[in-house]
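Enquirer: Dropping a prediction and its sequence here:
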Amino acid sequence: MIVEEIMKTNVVTLHPTDSVADAIQVMEVNNIRHIPIVNDEDHLAGLVTISKLKEIIPSTFRTNENPEDLKKPLELIMEKNVITGHPLDFVEEVAAVFYEHKISCIPIIKDKKLVGILTETDLLRTMVELTGAHQPGSQIEIKVPNITGVLCDVAGIIRNRNANILSVLVYPDKLDEHYKILVIRVQMMNPTGLIEDLKKAGHQVLWPNLPGISL
């Protein structure tokens, strides 16, 4: 999946000469926490976030204290060294950038112009959709050897139960590099029979560990 599939394209922006008061009003009206700051050519000049406003001018979020602060132009407080992305970037790579730099949004640039914005909320929603967590179903975690063909074998067992696979995640076993953990979400509410089948085939089911079913 690439960024342009999930980014917001109707981006609310302001200019460097707009005031702090303008930014606060725009955030409140549009229920947003990030405002890209652009010049007259729609080139990104900076970024203002609600956390930045609170950090630099906390009094603006109280009852009209220090009204002069509200008149300050955004160019004085905006973040100018902004991490950006491209519409064709892969979502998982951008997610790693969010994690590494501890940021909450990335403006998306194409041909030097702002074309979208991606926030941590967009990423979280996408991860939920990709994992199928928003759909009715059951999650099964299986510890498997890190060898070719294991996923195919597990999928075959699920197919024999006529169960639809909603998503598959694979990550290394932190305790043993020779194993991986499969996190499979299947479209069935009672996975007891499937778990029995997996265990009879020699697979180690970590979750759910149902009572009465031997490991």
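Expert: Alright, I've got the coordinates.
Enquirer: switch to C-alpha atoms for all contacts and neighbour counts from now on
Expert: Fine.
Enquirer: Centre-most residue in this structure?
Expert: Central residue check for the chain by C-alpha atoms, centre = their mean: the C-alpha nearest the mean position is that of L123, 2.2 Å away.
Enquirer: I figured it was touching A95, is that so?
Expert: Yes: look at L123 against A95 with C-alpha atoms under 8 Å: they come within range, at 7.1 Å.
Enquirer: Could you tell me the average pLDDT over stretch 137-156, please?
Expert: Mean pLDDT, computed over stretch 137-156, is 95.
Enquirer: One more: stretch 37-52?
Expert: 94.
Enquirer: CA atoms only: put that stretch into CSV for me.
Expert: Taking C-alpha atoms only, stretch 37-52 is exported to CSV below (Å, rounded to 0.1, in the frame of the first residue of the first chain):
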residue,chain,number,x,y,z
ILE,A,37,2.3,26.4,6.4
VAL,A,38,2.7,27.2,2.7
ASN,A,39,3.9,30.1,0.6
ASP,A,40,2.1,31.6,-2.4
GLU,A,41,3.3,28.8,-4.7
ASP,A,42,1.9,26.1,-2.3
HIS,A,43,5.5,25.1,-1.4
LEU,A,44,5.8,23.9,2.2
ALA,A,45,7.4,26.5,4.4
GLY,A,46,6.8,24.9,7.8
LEU,A,47,4.4,23.1,10.1
VAL,A,48,2.5,24.2,13.2
THR,A,49,1.0,21.6,15.6
ILE,A,50,-1.2,22.0,18.6
SER,A,51,1.5,20.6,20.8
LYS,A,52,3.9,23.2,19.4
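Enquirer: How about the lowest-mean-pLDDT helix or strand in the chain, which residues are buried there?
Expert: Of all helical and strand segments in the chain, the minimum by mean pLDDT, DSSP states H and E falls on helix 67-70, at a mean of 78. Buried positions in helix 67-70, judged by neighbour count with 16 or more other C-alpha atoms under 10 Å: D69, L70.
Enquirer: Pull the residues that contact it.
Expert: For helix 67-70, contacts defined as C-alpha atoms under 8 Å, 6 or more residues apart in numbering pick out S19, V20, A21, I57, T60.
Enquirer: mind running it again at 6 Å?
Expert: Helix 67-70 is contacted from outside by V20, A21, using C-alpha atoms under 6 Å, 6 or more residues apart in numbering.
Enquirer: re the thing from before, look up how far F98 lies from the residue nearest to the centre of the chain.
Expert: The gap separating L123 from F98 is 9 Å, by C-alpha to C-alpha, to the nearest Å.
Enquirer: Overlap of the contact sets of those two?
Expert: By C-alpha under 6 Å, 6+ apart, no residue touches both L123 and F98.
Enquirer: all helices for this protein, in order.
Expert: Assigned by DSSP state H, the helices in the chain fall at 20-30, 50-56, 67-70, 91-101, 120-131, 150-160, 192-200.
Enquirer: Need the mean per-residue confidence for the first one.
Expert: Read that as helix 20-30. Rounded mean pLDDT across helix 20-30 is 94.
Enquirer: In PDB, list the C-alpha atoms belonging to that helix.
Expert: Provided in PDB are the C-alpha atoms of helix 20-30 (Å, rounded to 0.1, in the frame of the first residue of the first chain):
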ATOM      1  CA  VAL A  20      -1.200  32.300  16.200                       C
ATOM      2  CA  ALA A  21      -4.800  33.300  16.700                       C
ATOM      3  CA  ASP A  22      -5.600  32.200  13.200                       C
ATOM      4  CA  ALA A  23      -4.000  28.800  13.800                       C
ATOM      5  CA  ILE A  24      -5.900  28.200  17.000                       C
ATOM      6  CA  GLN A  25      -9.200  29.200  15.300                       C
ATOM      7  CA  VAL A  26      -8.500  27.000  12.300                       C
ATOM      8  CA  MET A  27      -7.700  24.000  14.500                       C
ATOM      9  CA  GLU A  28     -10.800  24.400  16.500                       C
ATOM     10  CA  VAL A  29     -13.100  24.900  13.500                       C
ATOM     11  CA  ASN A  30     -11.700  22.000  11.500                       C
END
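Enquirer: Kind regards, and thank you for your time.
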